[in-house]
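[1] here is the input, now give the coordinates:
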Amino acid sequence: MTNALSPPVAAANGGGSFGRAELALYVATVALWSSGWIGIKLQVGVVPVWQSAFYRFAIATAVMFAWVVLSRRRIAFPWSLHLRFAALGALMFSTNFALFYYAAQFVTSGLLAVVFSLVTVFNPINAALFLRERMSPKALLGALIGITGIAMIYWPEVARPETGAAAVLGLAAAVGGTLTFSLGNIVAFGVHRQGIPVISTNAWGMAYGTVVLGLLVAALGEPLQFEPTAVYAGVLAILGTVSTVLPMATYLTLMRRIGPGRAGYATVMFPIGALAISWLFEGYEWTGIAIAGLALALAGNLFVLGKPRPKEG
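    Got it, this is the predicted structure:
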């Protein structure tokens with residue numbers, strides 16, 4: 001019986017089938033990541049955002065290596081692979097999160113998730129550029145439908161005079177974070193093609209990402225701070241474990257099975273749960289255009305995840 005966290009590597013073109021196992025990974029990724037955005041927002045306050053991101057990944061790294069050791073997965077790798085692990089850490093496990101923590105100072109958690117779903121456009125493009133994958137017209141059309149819906153969801157915040165400038169600044173930081181995440185996907189997919197276990201890859205990637213965040217904190221020269229409250233400490237513990245370790249494992253496993261292009265489209269579903277949480281706890285206001293945009297995002301998601309046509313020959 002195949003371990004769900006150690007599936008066979010997907011075909012080079014990333015066009016693996018989408019069956020029950022992939023659906024389970026997809027649902028788990030969406031559920032876990034949707035609830036994590038409000039945690040980032042709750043971390044904004046007394047502690048500088050860069051330090052909160054550093055604390056989060058220091059915890060996640062410890063958890064990941066404990067997982068590797070207890071499950072007796074491979075932990076030693078050649079130095080050539082460590083260069084890729086370091087690139088993965090710099091892109092997916094540090095810069096990406098640092099930019100989103102910065103953006104969280106200006107926009108609601110639900111809108112952070114909305115911007116993050118732009119990875120559905122970045123992933124196929126980057127896969128075509130760096131992995132020489134052919135861009136599926138169906139995947140591209142589905143992504144464009146979804147992104148149109150996402151733009152409609154975000155537009156009311158940009159159009160408001162009292163929030164427009166901050167929303168644009170938050171949008172720019174979040175787009176940058178999404179781009180680095182997508183580039184990290186490409187690095188991760190290249191590593192997984194070599195049959196390296198997902199959990200081991202994540203552990204080393206997070207370790208290097210923590211180093212990058214630590215260097216950023218040191219370069220800024222701000223004294224380390226910590227907010228000794230139940231809310232901050234509790235949210236940090238959850239973000240460093242459940243909201244970081246598990247969704248990264250399920251997402252990267254899904255990407256390994258079906259490729260970065262189609263796996264990235266799971267992020268279009270994040271805004272639904274994240275916006276619902278934002279509505280309940282941050283006062284996010286649903287508008288007619290936002291609801292219409294949500295419907296389009298769902299339609300695009302269902303379109304791109306449809307059963308692929310069998311290859312001829």
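[2] beyond the helix ranked longest in the chain, next helix or strand please.
    Scanning the chain for the longest helix, with DSSP state H as the assignment, gives helix 164-192. Scanning forward in sequence from helix 164-192 by DSSP states H and E, the next helix or strand is helix 198-220.
[3] what residues of that next one count as buried?
    Buried residues in helix 198-220, defined by neighbour count with 16 or more other C-beta atoms under 10 Å: 198-214, 216-217. C-beta: built from backbone N, CA, C; applies to glycine.
[4] quick one on the thing from earlier: may I see the buried residues of the longest helix of the chain?
    166-167, 170-171, 173-192.
[5] swap in stretch 247-261?
    Neighbour count says stretch 247-261 has 247-261 buried, by 16+ other C-beta under 10 Å.
[6] so what's residue 31 closest to, chain neighbours aside?
    residue 273 (7.0 Å; C-beta to C-beta, 6 or more residues apart in numbering).
[7] try residue 85
    Nearest to residue 85 is residue 204, by C-beta to C-beta, 6+ apart, at 3.9 Å.
[8] might one say that the one you found is in contact with residue 89?
    Yes - with contact defined as C-beta atoms under 8 Å, residue 204 counts as touching residue 89 (7.5 Å).
[9] pretty sure residue 77 sits against residue 195.
    No - the pair residue 77 / residue 195 is not scored as a contact, 11.6 Å apart, by C-beta under 8 Å.
[10] settle it for me: which of these two has more neighbours?
    When residue 77 and residue 195 are compared for neighbours, residue 77 comes out ahead with 16 against 10, by other C-beta atoms under 10 Å.
[11] any idea how far residue 203 is from that one?
    11 Å (C-beta to C-beta, to the nearest Å).
[12] and the spatially most central residue of the chain, what does it touch?
    Ranked by distance to the mean C-alpha position of the chain (C-alpha atoms, centre = their mean), the top residue is residue 181 at 6.4 Å. Neighbouring residues of residue 181 by C-beta atoms under 8 Å, 6 or more residues apart in numbering: 91-92, 96, 116, 119.
[13] sort those residues by pLDDT and name the bottom one.
    In terms of pLDDT, the lowest of these is residue 119, showing 81.
[14] that one contacts residue 180, correct?
    No - using C-beta under 8 Å, residue 119 is not in contact with residue 180; the gap is 10.2 Å.
[15] tell me what angle the longest helix of the chain forms with helix 198-220.
    140 degrees (axes from the mean of the first three to the mean of the last three C-alpha atoms, to 10 degrees).
[16] I'd say residue 51 and residue 221 touch.
    No - if you go by C-beta under 8 Å, residue 51 and residue 221 don't touch, sitting 11.9 Å apart.
[17] between those two, which one's more packed in?
    Under the criterion of other C-beta under 10 Å, the comparison of residue 51 against residue 221 puts residue 51 first, with 21 against 6.
[18] mind listing what the nearest residue to that one once chain neighbours are set aside touches?
    Sequence neighbours aside, residue 217 is the residue nearest to residue 51 in space, at 5.6 Å (criterion: C-beta to C-beta, 6+ apart). By C-beta under 8 Å, 6+ apart, the contact list for residue 217 reads 48, 50-51, 54, 224.
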